[in-house]
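Have a look at this fold, sequence not included:
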Ligand SMILES: [Fe+2]
């Protein structure tokens with residue numbers, strides 16, 4: 001590769017004149033913005049242990065009452081992006097949120113799209129657009145852009161969930177803002193009931209739903225059963241994986257991030273190809289060894305890790321007897337929209 005001219009090769013008076021006119025020479029930075037073959041990635045492979053973060057999250061419950069937090073969250077920040085920037089990857093924000101018995105996280109809505117993956121506890125609800133969604137371990141609940149949502153806890157033990165938002169990309173686009181609201185009126189009609197059986201959708205007088213987000217809660221029990229059934233029906237199937245989709249369109253549930261569940265058979269090893277988007281892994285059940293570039297992480301239940309894009313990832317179920325179940329989130333829908341999605345195998 002030819003070496004391009006450097007900034008310091010230019011006379012100082014010329015550089016000063018450029019700066020005065022808000023002008024910048026491209027050639028000293030050209031290789032940095034268009035590196036050969038593989039993009040520069042700030043995203044580092046990082047593992048967040050739930051056992052290590054849980055005491056700190058519980059302490060936040062003692063230190064900061066809900067009225068001083070609104071959302072009591074510890075952000076899983078990737079140091080490669082700078083902790084203060086609160087990014088797991090270029091387009092993904094991750095946070096562990098704690099709700100204590102009797103607490104209410106007030107109604108609001110915002111432009112970033114969010115989902116929550118329930119990590120522990122029973123008895124909490126998220127009300128989204130008037131739909132009261134129960135929260136149990138492994139349930140995925142959507143709070144898409146612009147929809148009112150609030151969280152309430154009627155149980156007797158702490159509830160924790162993992163928030164996954166496209167906040168970094170919406171913030172980068174200077175399009176991130178929120179609005180406070182009033183407690184919502186709960187309405188009848190839950191999407192997880194209407195779409196409970198795969199392959200059929202509600203059709204009133206031959207008309208289909210025109211809601212952008214017809215299903216807001218994806219109960220883990222159903223997804224887990226689907227993975228087990230898939231594995232039992234196809235014993236030679238190498239990859240037992242499903243995508244969370246909008247049941248009316250079959251497309252991704254949200255605009256920028258994709259969500260998936262993967263089952264690893266006992267002792268199964270699986271290589272995920274090098275794809276352009278960054279990917280997040282959260283173990284719902286079991287224990288999984290994840291190898292990303294030179295890092296190897298042993299994930300226990302409720303642990304989370306992230307991998308940069310353009311790198312393959314090796315997964316291995318550490319159990320010789322039981323399947324392991326992993327929730328994945330990635331930036332595939334965004335990369336598809338941008339026209340930069342790649343799978344390099
Ligand atoms: Fe929110």
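Nice, I can see it. Just so it is clear, the model here is predicted, and its values are computed rather than measured.

low-confidence ranges in this structure?
1 (pLDDT under 70).

hmm, try it at 50
Regions of the chain meeting the criterion pLDDT under 50 are absent.

any idea which residue sits dead centre in it?
residue 164 (3.7 Å; CA atoms, centre = their mean).

Quick one: residues contacting that one.
Residues near residue 164 by CB atoms under 8 Å, 6 or more residues apart in numbering: 92, 93, 94, 114, 115, 116, 117, 257, 259, 280, 329. Just so you know, the C-beta spots here come from the backbone N, C-alpha and C atoms, and that holds for glycine as well.

which residues sit against stretch 180-189?
Contacts for stretch 180-189 (CB under 8 Å, 6+ apart): 106, 107, 108, 109, 127, 129, 130, 131, 132, 148, 150.

May I see the contacts of residue 164 arranged in JSON lines, with neighbour count, secondary structure and distance to residue 212 as well?
JSON lines is the format used below for those (neighbours: other CB atoms under 10 Å; DSSP: H, G, I helix; E, B strand; the rest coil; distance: CB to CB, whole Å):
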{"residue": "92", "neighbour count": "27", "secondary structure": "coil", "distance to residue 212": "21"}
{"residue": "93", "neighbour count": "25", "secondary structure": "strand", "distance to residue 212": "22"}
{"residue": "94", "neighbour count": "27", "secondary structure": "strand", "distance to residue 212": "24"}
{"residue": "114", "neighbour count": "22", "secondary structure": "strand", "distance to residue 212": "15"}
{"residue": "115", "neighbour count": "24", "secondary structure": "strand", "distance to residue 212": "15"}
{"residue": "116", "neighbour count": "24", "secondary structure": "strand", "distance to residue 212": "19"}
{"residue": "117", "neighbour count": "26", "secondary structure": "strand", "distance to residue 212": "21"}
{"residue": "257", "neighbour count": "26", "secondary structure": "coil", "distance to residue 212": "16"}
{"residue": "259", "neighbour count": "24", "secondary structure": "strand", "distance to residue 212": "16"}
{"residue": "280", "neighbour count": "24", "secondary structure": "strand", "distance to residue 212": "24"}
{"residue": "329", "neighbour count": "29", "secondary structure": "strand", "distance to residue 212": "20"}
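
quick one: which of those is nearest residue 223?
Comparing the contacts of residue 164 against residue 223 with CB to CB places residue 259 closest, at 10.3 Å.

isn't the closest one right up against residue 328?
Yes. Contact criterion CB atoms under 8 Å: residue 259 and residue 328 qualify, at 7.1 Å.

host element of the residue nearest to the centre of the chain?
strand 159-165 (DSSP states H and E).

just to revisit the earlier point, show the buried residues in the contacts of stretch 180-189.
Using 16 or more other CB atoms under 10 Å as the burial test, the contacts of stretch 180-189 include 106, 107, 109, 127, 129, 131, 148, 150 as buried.

quick one: buried residues of stretch 45-63?
Residues of stretch 45-63 classed as buried: 45, 46, 47, 48, 50, 53, 54, 57, 60, 61 (neighbour count, 16+ other CB under 10 Å).

What about the contacts of stretch 180-189, which are in helices?
Residues of the contacts of stretch 180-189 located in helices (DSSP state H): none.

Same list (those) but as CSV, adding distance to residue 338.
Shown next, in CSV, are the contacts of stretch 180-189 (distance: CB to CB, whole Å):
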residue, distance to residue 338
106, 35
107, 33
108, 29
109, 26
127, 33
129, 28
130, 33
131, 31
132, 36
148, 29
150, 33
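
I'd like to know how far residue 255 sits from residue 112.
In this view, residue 255 and residue 112 are 10 Å apart by CB to CB, to the nearest Å.

And for residue 277, the neighbour number?
26 (other CB atoms under 10 Å).

For it, give me its contacts.
Residues near residue 277 by CB under 8 Å, 6+ apart: 89, 91, 258, 309, 330, 331, 332, 334, 335, 341.

Most neighbours out of those residues, which is it?
residue 89 (29 neighbours).

if you count what's nearby, which of residue 255 and residue 112 comes out ahead?
residue 112 (20 against 16).
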